[in-house]
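**Q** turn this into a model:
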Amino acid sequence: MPVDPFLLIRRSPPLLGLARTARGLVRRIRRAWRRCLPGARRRPVWTEPVADWREARPDIMVPPGLAVADIRLVPAKRFSNRNLMFDGGPVWPDFENMPMVRHRAHGKCHDVNAHPGWRRGPRLNEPVIWGGRCFFHFGHLVAEHVSRLPPALYRHPEARVLFTLPPGKMIGEVPAFFWTVMAWLGLHPDRIGFVTSPCVAARLHVYPQAETLGLDPPEPWYLDLLDELPRLNRLERIESQALYVPRLGELARGNGASAGETALIAALRQAGVAILDCRRESIRRQMTLYAGAKLLIFAEGSAMHGRQLLGRVDQKILVLRRRPRSTLARAHLTPRCRELEYAPVIRGFARPLRRDGNEIGPRGIAFHDADKLLAILARHGIDLTPHWRPGDYRAAVRKDARAWREAVLKQRDIDGDRTEEHIRNEFNRIGLADL
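**A** Numbering: from 1, shown residues only. So this is what the prediction gives:
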């Protein structure tokens, strides 16, 4: 009987250890080779305005930060917390007792201290700011990773800022939105450094994580800082009575969104509502539109976190839910606007299931109750009745549901059979049994 070599390795601890060592060596060789490729360290050529914190109000009550001398920094090696966190960065001397440097989400710390290797690397003699992690997801970057920067740049407006990259990533792979968010916050690409090899900072400044995922609202001093950004960026607001921010293109990728959104957008446009597709507009353009909207309507999603790049605006924010009972970013948006409302418009919701049986709510597809949706919009001064095409909406819902189902069932981290059964049951319940 033939022997499965992979089974043999898994059952032999010495062989398993050797295999892991070899795999780590291959990863390091591949990483070193990629660093030599053209463009691996490429940065954008920047011509847009960058906020200058030297022009900010001098009386904002920003709490003091922490300065650490002669601290080692190392690149990230591994992910944790379902790939929502990675290690690397400063090797803090008293990590467990330094709350200011910790990364918090939902009331808990989710980070681990970096581990130094045998190499110390070069010494950085200039004072630098610890910016945190360069996260490659827009919503998480803005919601929990960039809030150290405004207070740090307010206190040290000319200092360079260091970030860690996700494990295995190069500077040339940094997404475009990272650079635009940094420019909005006051960082030119030339002042951004990435910890791609070990080094020692002679003096490292770090400030608290001013906003975290969860239920804690931002402090007034942080909103005071963000209130400065439109002026520091020379922003000219684009006024509108109502602005809708959709979540287009996600269902076909197996991500969460609401079915039939293209038909909703068509009706909103005919009713005179402005549409902002964040996939096609710069951060600066998004800010001009957010700042000028009297009624800001979001399809629930990561774009809502983009509004956290602004401070207080006299406007109402209406969120069309894509997950039952969701109140995404409520603590963060409430103090930024006059009124915040989450519309209960969901009549059906299907989502994939992990192999352990847990639901993956963020990837779910929502089906809206069209009558409730139109009634809520009418209450906010948007009458879609003359422009609403029920047949077009039903066709768009069916098209989206079919595309989402096909994409979700191809995902590798789900329980395919249980997910398919759940989708079939939910589709049957809302009248899509033939899909």
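**Q** how near is the nearest residue in space to residue 316 that is not next to it in sequence to residue 380?
**A** Excluding the flanking residues, the one nearest residue 316 by Cβ to Cβ, 6 or more residues apart in numbering is residue 339, at 4.5 Å. In short, each C-beta sits where N, CA and C put it, glycine included. Counting by Cβ to Cβ, to the nearest Å, the separation of residue 339 from residue 380 is 10 Å.
**Q** phi, psi of residue 367?
**A** The phi/psi pair for residue 367 (degrees, to the nearest 10) reads phi -120, psi 120.
**Q** quick one on the thing from earlier: and residue 339 and residue 380? Which one has more around it.
**A** residue 380 (13 against 10; other Cβ atoms under 10 Å).
**Q** tell me the contacts of the more buried one?
**A** Counting by Cβ atoms under 8 Å, 6 or more residues apart in numbering, residue 380 makes contact with 242, 295, 297, 316, 318.
**Q** and it, how far from residue 301?
**A** In terms of Cβ to Cβ, residue 380 sits 19 Å off from residue 301.
**Q** follow-up on the earlier one: who touches both of residue 339 and residue 380?
**A** residue 316.
**Q** which one of the contacts of residue 380 is nearest to residue 398?
**A** Of all those, residue 297 has the smallest distance to residue 398: 24.1 Å, by Cβ to Cβ.
**Q** just the helices from the protein, written as ranges.
**A** 5-11, 13-35, 138-140, 149-155, 176-185, 220-232, 261-270, 283-292, 303-306, 330-333, 370-379, 390-408, 416-429 (DSSP state H).
**Q** got these as JSON lines, with mean pLDDT, distance to residue 251 and mean neighbour count columns?
**A** Shown next, in JSON lines, are these (pLDDT from 0 to 100; distance: least, Cβ to Cβ, whole Å; neighbours: other Cβ atoms under 10 Å):
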{"stretch": "helix 5-11", "mean pLDDT": "52", "distance to residue 251": "37", "mean neighbour count": "11"}
{"stretch": "helix 13-35", "mean pLDDT": "59", "distance to residue 251": "33", "mean neighbour count": "11"}
{"stretch": "helix 138-140", "mean pLDDT": "94", "distance to residue 251": "17", "mean neighbour count": "18"}
{"stretch": "helix 149-155", "mean pLDDT": "98", "distance to residue 251": "33", "mean neighbour count": "23"}
{"stretch": "helix 176-185", "mean pLDDT": "96", "distance to residue 251": "21", "mean neighbour count": "20"}
{"stretch": "helix 220-232", "mean pLDDT": "98", "distance to residue 251": "32", "mean neighbour count": "19"}
{"stretch": "helix 261-270", "mean pLDDT": "98", "distance to residue 251": "8", "mean neighbour count": "19"}
{"stretch": "helix 283-292", "mean pLDDT": "97", "distance to residue 251": "22", "mean neighbour count": "20"}
{"stretch": "helix 303-306", "mean pLDDT": "96", "distance to residue 251": "15", "mean neighbour count": "23"}
{"stretch": "helix 330-333", "mean pLDDT": "98", "distance to residue 251": "24", "mean neighbour count": "18"}
{"stretch": "helix 370-379", "mean pLDDT": "98", "distance to residue 251": "17", "mean neighbour count": "16"}
{"stretch": "helix 390-408", "mean pLDDT": "97", "distance to residue 251": "4", "mean neighbour count": "18"}
{"stretch": "helix 416-429", "mean pLDDT": "96", "distance to residue 251": "13", "mean neighbour count": "15"}
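**Q** quick one: closest of the ones you listed to residue 164.
**A** Residue 164 lies closest, by Cβ to Cβ, to one member of the helices of the chain: helix 176-185, at 12.7 Å.
**Q** what is the closest one packed up against?
**A** Packing partners of helix 176-185 (3 or more Cβ pairs under 8 Å, 6 or more residues apart in numbering; DSSP states H and E): helix 149-155, helix 283-292.
**Q** CSV please, covering these and showing distance to residue 252.
**A** Listed next are the helices and strands packed on helix 176-185 as CSV, based on distance: least, Cβ to Cβ, whole Å:
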stretch, distance to residue 252
helix 149-155, 34
helix 283-292, 23
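**Q** which one of those lies nearest to residue 425?
**A** Of the helices and strands packed on helix 176-185, the one closest to residue 425 (Cβ to Cβ) turns out to be helix 283-292, at 38.6 Å.
**Q** so the closest one versus helix 220-232, what angle?
**A** Per axes from the mean of the first three to the mean of the last three Cα atoms, to 10 degrees, the angle that helix 283-292 makes with helix 220-232 is 110 degrees.
**Q** what's next to helix 283-292, contact-wise?
**A** For helix 283-292, contacts defined as Cβ under 8 Å, 6+ apart pick out 48-49, 177, 180-181, 183-184, 229-230, 233, 235-240, 243, 274, 276, 278, 281, 296, 306-307, 309-310, 313.
**Q** show me this structure divided up by domain.
**A** By the assignment in automatic domain parsing, the chain contains the domains 53-217, 235-429.
**Q** between the helices of the chain, which gets nearest to residue 58?
**A** Short answer: helix 149-155, nearest of those by Cβ to Cβ, at 9.6 Å.
**Q** pull the closest one out as PDB, backbone CA atoms only.
**A** Below are the C-alpha coordinates for helix 149-155, written out as PDB (Å, rounded to 0.1, in the frame of the first residue of the first chain):
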ATOM      1  CA  LEU A 149      -1.900  60.500  13.800                       C
ATOM      2  CA  PRO A 150      -3.800  63.700  14.300                       C
ATOM      3  CA  PRO A 151      -2.700  64.200  17.900                       C
ATOM      4  CA  ALA A 152       0.900  63.100  17.000                       C
ATOM      5  CA  LEU A 153       1.100  65.500  14.000                       C
ATOM      6  CA  TYR A 154      -0.500  68.300  16.000                       C
ATOM      7  CA  ARG A 155       2.400  68.000  18.500                       C
END
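**Q** which parts of the stretch 51-200 of the chain are strands?
**A** 66-74, 79-80, 85-86, 89-90, 104-105, 108-109, 123-124, 128-133, 160-164, 192-194, 199-206 (DSSP state E, counting those that start in this stretch).
**Q** to residue 353, which of the ones you listed lies closest?
**A** Nearest to residue 353, of these and by Cβ to Cβ, is strand 79-80 at 22.4 Å.
**Q** counting contacts, what elements does the closest one pack onto?
**A** Checking 3+ Cβ pairs under 8 Å, 6+ apart, strand 79-80 ends up next to strand 85-86.
**Q** hang on, the earlier thing: save the strands of the stretch 51-200 of the chain as a markdown table, and put in distance to residue 417 and mean neighbour count too.
**A** Listed next are these as a markdown table, based on distance: least, Cβ to Cβ, whole Å; neighbours: other Cβ atoms under 10 Å:
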| stretch | distance to residue 417 | mean neighbour count |
| --- | --- | --- |
| strand 66-74 | 43 | 17 |
| strand 79-80 | 28 | 13 |
| strand 85-86 | 31 | 22 |
| strand 89-90 | 41 | 24 |
| strand 104-105 | 32 | 18 |
| strand 108-109 | 33 | 12 |
| strand 123-124 | 54 | 14 |
| strand 128-133 | 36 | 24 |
| strand 160-164 | 39 | 22 |
| strand 192-194 | 43 | 19 |
| strand 199-206 | 48 | 19 |
